[in-house]
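Q: Here is my input, please return the structure:
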Amino acid sequence: MRPFLLAVGLPDVTIEWLILVLAIIALCAIAFGWLTDLILSDGAFGVFLNAFIGLAAAAFGAWAWQHFGMTTGDLRHVPKAAVAASSALAGLLLAVVAWRTA
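A: Predicted coordinates:
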């Protein structure tokens, strides 16, 4: 599990810090799910499913960013966070489009 956590950009810290970081990520995901539920209204999946889709897409985006060796310069975490957030939004929008066309 540790290599996956490092691959998606989580820091290598003690278990207490990891729990705190994961709690912050979960709260941000729920806020993301709530905002997308407000924006998409009838096209959304609900707060928690939006949050889950956003987390899955963000983890995939962060993993792909690191896997393909994209360099980030001195501000390592800013581009990775932007890629993760963009991936979360893109993943959610793709899920909404797929759900509406089915």
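Q: Do a quick rundown of the helices in the protein.
A: With DSSP state H, the ranges of helices along the chain come out as 2-7, 15-40, 47-67, 77-101.
Q: Show the average pLDDT along the third one.
A: It stands for helix 47-67. Helix 47-67 comes out with an average pLDDT of 80.
Q: With the shortest one instead?
A: Confidence over helix 2-7 (mean pLDDT, whole number) is 73.
Q: Next, count neighbours for Phe60.
A: Using other CB atoms under 10 Å, Phe60 has 17 other residues around it. Glycine gets a C-beta too; all of them are placed from N, C-alpha and C.
Q: Leu6 is in contact with Asp12, correct?
A: Yes - look at Asp12 against Leu6 with CB atoms under 8 Å: they come within range, at 6.2 Å.
Q: more crowded one of those two?
A: Leu6 (12 against 9).
Q: Tell me how far the more buried one lies from Leu18.
A: 11 Å (CB to CB, to the nearest Å).
Q: ok, now Ala51?
A: According to CB to CB, Ala51 and Leu18 sit 19 Å apart.
Q: which one of those two has more residues nearby?
A: Neighbour count, other CB under 10 Å: between Ala51 and Leu18, Ala51 has more, with 24 against 15.
Q: Give me the neighbour count for the residue lying closest to that one once chain neighbours are set aside.
A: Distances taken as CB to CB, 6 or more residues apart in numbering put Gly33 closest to Ala51, at 3.3 Å, once the chain neighbours are dropped. Number of residues near Gly33 (other CB under 10 Å) recorded here: 24.
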